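Visitor: Fold the following, please.
(one chain, ligands or ions: 1)
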Amino acid sequence: MSSVRSAPGSTSALRVANQQRVLDVLRGAVADVPADGTPSTAYTQAELARTTGLAPATVSNIVRELTGAGLAETTPGAGRRGSAVRLSAAAGTVAGIDFGHSHVAVAVGDLVGRVRRERRVPLEDPADHRGALALAAALLEELLEGEGPARHVALGLPAPVTDDVIRSAAIFPGWEGIDARAAAAQVLDAPVHVENDANLGALAEHRVGVARGHRSSVFVKISSGVGAGIVIDDQLLHGAGGSAGEIGHLTLDDQGPLCRCGSRGCLEAYTSVGTVLSMMAGQLPGASFDDVVAAARADNVSAQRALEDAGLHLGWGLASIVNLLNPAVVVVGGDMARAGSLILDSARIGLRRHALDAVALTPVVASELGERASLVGAVLLAAERTVLSVD
Ligand SMILES: [Zn+2]
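Guide: Below you'll find the model as predicted:
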């Protein structure tokens with residue numbers, strides 16, 4: 001699996017995919033890490049070839065690359081292919097940062113993308129990109145105490161990102177036109193990769209969350225806004241300019257309510273957290289989203305209806321997505337996922353009502369990683385970029 005923007009089937013995409021297969025097996029090998037941090041299990045190259053289905057010569061090349069870069073270590077055995085390989089516990093650290101409309105979360109992880117430590121704090125003024133980046137840098141420094149610098153950092157932003165730049169002031173004010181990669185690299189002192197937050201969530205659910213084991217999946221993140229990350233044949237879909245997956249701005253009704261993007265009747269205008277809160281403003285003034293969910297669970301029929309309507313519209317939007325892309329599973333994340341079956345049941349009904357028979361029963365499930373999905377995806381991406389930078 002790779003999020004790398006190379007054509008599927010190209011030599012580099014194949015190389016990355018093969019490398020990931022070997023890393024996936026080795027990641028299993030370090031699942032049992034004793035207190036001293038030294039991985040206890042290892043694989044011979046013959047075992048790696050058997051487990052991954054790759055040719056022994058391919059495995060041998062990949063192992064040479066990984067050991068050359070210090071990512072893996074070998075212990076002597078009978079012959080080159082008999083020597084045991086395991087990931088190096090001391091190979092270094094990567095970091096992920098996830099910015100939202102009201103939070104920043106930072107994590108450090110190892111080179112196979114497992115999160116070691118993380119912190120999430122409220123963001124007073126997300127439009128102040130300099131202040132937000134400085135806060136993230138300070139949090140990262142705390143998390144990295146006692147370790148070397150992060151080898152790579154991946155940064156998630158809640159807006160379409162085209163060549164590291166957010167073009168729309170309406171979606172994430174204060175960041176438009178800023179080269180986020182360059183601005184972040186300045187304060188973080190590491191190579192930075194910028195990615196849309198829903199894409200990172202999709203990567204995380206696909207690799208280590210509820211969509212693992214499927215080759216194609218869609219992750220829909222519903223919080224203040226609605227966005228999607230799309231994985232097709234184990235590759236994140238970026239599109240020509242990097243903004244693929246903006247499901248929130250699918251038009252459901254061209255006479256519908258105005259959307260913050262400037263259009264009318266977008267999915268987001270029916271299904272975001274803000275829409276649910278404004279529907280409930282008369283009945284539960286000042287309520288938070290969790291208050292509305294609690295009211296619905298306590299049989300407040302208006303709260304139930306508001307969430308049900310949001311779910312039906314979500315299902316309607318998802319019908320277009322599953323008709324077009326035929327994913328194995330749709331994962332719903334973001335704040336809205338905390339409503340659980342209150343929104344998922346009606347989303348499934350909306351999907352069945354509007355999708356073709358062949359795909360109408362596509363599973364719609366709650367995110368397994370919850371509010372951590374984008375952060376976990378950022379660490380996975382940073383780890384992948386570190387491994388890829390090895391030549
Ligand atoms: Zn819109």
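
Visitor: Show me the helices in the stretch 1-150 of the chain, by range?
Guide: For the stretch 1-150 of the chain, the helices defined by DSSP state H, counting those that start in this stretch occupy 11-29, 45-52, 56-68, 129-143.

Visitor: what does the stretch 251-391 of the chain give?
Guide: Using DSSP H, counting those that start in this stretch, helices in the stretch 251-391 of the chain cover 268-271, 273-279, 289-297, 301-325, 341-354, 373-388.

Visitor: and the ones you listed, which is most packed in?
Guide: Ranked by mean neighbour count, the helices of the stretch 251-391 of the chain are led by helix 373-388 with a mean of 28 (mean count of other C-beta atoms under 10 Å). No exception for glycine: its C-beta is placed from N, CA and C like everyone else's.

Visitor: how about JSON lines for the helices of the stretch 1-150 of the chain, with mean neighbour count added?
Guide: Formatted as JSON lines, those follow (neighbours: other C-beta atoms under 10 Å):
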{"stretch": "helix 11-29", "mean neighbour count": "18"}
{"stretch": "helix 45-52", "mean neighbour count": "19"}
{"stretch": "helix 56-68", "mean neighbour count": "17"}
{"stretch": "helix 129-143", "mean neighbour count": "18"}
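
Visitor: Of the ones you listed, which is nearest the ion?
Guide: helix 129-143 (22.7 Å; C-beta to the ion).

Visitor: Distance from the chain centre to the closest one, please.
Guide: Helix 129-143 has its C-alpha centroid displaced from the chain centroid by 20 Å (C-alpha atoms, centre = their mean, to the nearest Å).

Visitor: on contacts alone, who are the packing partners of that helix?
Guide: Counting contacts by 3 or more C-beta pairs under 8 Å, 6 or more residues apart in numbering; DSSP states H and E, helix 129-143 packs against strand 94-99, strand 103-109, strand 115-122, helix 180-188.

Visitor: Residue 242 reaches residue 162, doesn't it?
Guide: Yes. Using C-beta atoms under 8 Å, residue 242 is in contact with residue 162, at 4.6 Å.

Visitor: Neighbour count: the two, which is higher?
Guide: residue 242 (19 against 16; other C-beta atoms under 10 Å).

Visitor: Report the contact partners of the more buried one.
Guide: Contact analysis of residue 242 by C-beta atoms under 8 Å, 6 or more residues apart in numbering lists 160-163, 196.
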